[in-house]
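Visitor: Turn this into a structure:
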Amino acid sequence: MSKRLRNYAEFITRRAWAVLIVSLLATVVVASGMQRLVVNLDPDQQLPGDHPYIAVDRRIRKEFGGKNFVAIALIPQSGTIWRPDVLRVVRDVTDHLLNARGVIRQNVVSLSSPYVRVPADRGGVLTSEMLMKEVPETEADVAALRDRYHQEPLFKGTVVSDDERAALVLVDFYDGTSVAEIAATIEQATGKYRSAHLDIAVTGAPIFENTEGTLIRRQTHFFTATIAAIVIVLWLAFGQLQGVFLPCATALLSTAWAIGFMGYAGIPMNGWTAAVPLVVVTVAAGHSAQMLKRYYEELVRCGQRQAAIITSTEHVGAVMMAAGATAGCGFAALAALGIPTLTQFGLAVAWGISAAVVLEMTFMLALQVVWPTGRTPAAEGPLSRGLAVLLRPIARLVTAHPRWLVAASAAVALVAAAGYPRLTTETNSRMYWTERTQVGRDLSVFERHFPSTTTLTILLEGSPGSMKTPGAIRLMTGLQQAMAADPAVGRTSSIADIIRRTYEVFVPEEAAAGLPMEPDLIAQLFFLADSPAFERYVDRSYSRAVVLGFLNRE
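Guide: Purely as a prediction, here's the structure:
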């Protein structure tokens, strides 16, 4: 292997300019894939598509929506929401969203939504009326609306917070509506109502995705800062231009290869792959600096540039290729997890590291041949000299007590391993957005006023008409009771609640004994209670229904 590397290095030194030109042409070809790069923040790409829960979730969203839910909280600076001016904003925002493009109308929920209905007995006739059809203008009308809201148990903690300091508007958008369009629609509906007297907070997966997309598009700033840090460290380490330019050039070309590969392979920019340029440029610069350091050591020893290049390649070439292969395979192994975003991240980084090794063994060697040696063959900057002083006593300690250090390292490893059982999995969005961001500040508003807004959806399927049978009602009720027993669940909801509430309104005396599970009675209640609110819970053929659990934010 050593002889082959020596022959290879001799070949490179004899044809340095040709190698440089071929390397740059190859970079242009591969990097042209950047033109195909797109941003895709679809959360489905972060989950294994063959998992049964994911498959069920997609079926639920196709029928009932839920993927693009956005919650809007309206909070007056003082007092409660039971004021005409606040209720008017609730009505205006709701009306705007009901008529907005891409909105699933039956999933718009608020005090004034036509899909939020109150069952009422009007002289023996059961009606289903809107909770707030008109905005109350007088104190008496506002008080009547408030009493009506409190008398209806189905609405508790939904469209108005428990402390009555915030009103909620929920809206859902059809699949295929981009997060940018959703964010623009929400801003159009709410922006003009924000004031010193009324605060409006917004949250939901589309809002997170849109904000994340904005941050990803700003990655150029972070990448530039990373390059600047690398330049400073290399200058302090080598103290001359060559020691800075060669590793940086190799690292930047490797990054161009990685991003070009992503474009050709159809790998989008997302929350994970946005980090690929930073990882590749850092790893490639570190690898290149190690090779360059060995070259300078050989140059000091033999004093001849080409001989130093050949000897350093002969000694460290195999090690650098092995290190690159190890790192590349490690990242590529992320594909085994079956999670699309991690697969894409791992493959892109693996390609970038592989490109770095190829360029180190071609472009960088050729550039060393044509580049002047520099002002000093030693190429040591203040950082290198300072580290040398610090490392000498450590080196003496290692050589004097190798067994003790091995034992100490093993002990540290055992102590670290003891912490493995304490590792936890955290997927709460609140952990990723700080109060310095608007998203983080809005999330804190929902934590205070609407802690139960994260949904757990259970899909029930059967033959047409099966969802309006006693058996289906019993099953929904049982599922809701089981979920409600869990402290992590704040409340539950299903079509069974509407049917039960309808029975309570129609025959309150008999309802005290519970809902009789008689097929004819259940069918009659479905007929009597039928309203647009049904569309949130059951399909038109009554063959599929959903039971919702609203999880507490903890």
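Visitor: Let me see the contact set for the nearest residue to Leu111 once chain neighbours are set aside.
Guide: Using C-beta to C-beta, 6 or more residues apart in numbering and skipping the chain neighbours, the partner closest in space to Leu111 is Met132 (4.6 Å). The way it works is simple: take the backbone N, C-alpha and C, and place the C-beta from them, glycine included. By C-beta atoms under 8 Å, 6 or more residues apart in numbering, the residues touching Met132 are Leu87, Val90, Arg91, Leu111, Ser112, Leu145.
Visitor: which one of those residues is nearest Leu234?
Guide: Nearest to Leu234, judged by C-beta to C-beta, of the contacts of Met132 is Val90 at 58.6 Å.
Visitor: Against Met34, how distant is the residue nearest to Leu111?
Guide: As judged by C-beta to C-beta, to the nearest Å, Met132 and Met34 stand 52 Å apart.
Visitor: count of neighbours near Val233?
Guide: Look at Val233: counted by other C-beta atoms under 10 Å, it has 17 neighbours.
Visitor: Verify the stated contact: Arg501 with Gln151.
Guide: No. With contact defined as C-beta atoms under 8 Å, Arg501 does not reach Gln151; the gap is 11.1 Å.
Visitor: of these two, who's got more company?
Guide: When Arg501 and Gln151 are compared for neighbours, Arg501 comes out ahead with 19 against 9, by other C-beta under 10 Å.
Visitor: which residue ranges form the strands in the stretch 401-550 of the chain?
Guide: Taking DSSP state E, counting those that start in this stretch to define them, one finds strands in the stretch 401-550 of the chain at 452-461, 489-493, 544-552.
Visitor: Could you identify which of these has the lowest mean pLDDT?
Guide: Ranked by mean pLDDT, these bottom out at strand 452-461, with a mean of 80.
Visitor: hang on, the earlier thing: out of the contacts of Met132, which one sits closest to Phe345?
Guide: The closest of the contacts of Met132 to Phe345 turns out to be Val90 (C-beta to C-beta; 42.4 Å).
Visitor: ok, the closest one - how many residues close by?
Guide: 24.
Visitor: Pro268 is in contact with Leu37, correct?
Guide: Yes. Applying C-beta under 8 Å as the test, Leu37 and Pro268 come out as touching, 7.3 Å apart.
Visitor: Looking at those two, which one has more neighbours?
Guide: Counted by other C-beta under 10 Å, Leu37 and Pro268 do not tie: Pro268 has more neighbours, with 21 against 16.
Visitor: so the more buried one makes contact with Ala348?
Guide: No. Pro268 lies out of contact with Ala348 (C-beta under 8 Å); the separation is 10.4 Å.
Visitor: Between these two, which contacts overlap?
Guide: Residues touching both Pro268 and Ala348 by C-beta under 8 Å, 6+ apart: Met262.
Visitor: The one helix or strand His150 maps to: how far from the chain's middle?
Guide: Here His150, judged by DSSP states H and E, is contained in helix 139-151. Averaging C-alpha positions (C-alpha atoms, centre = their mean, to the nearest Å) puts helix 139-151 41 Å from its chain's average.
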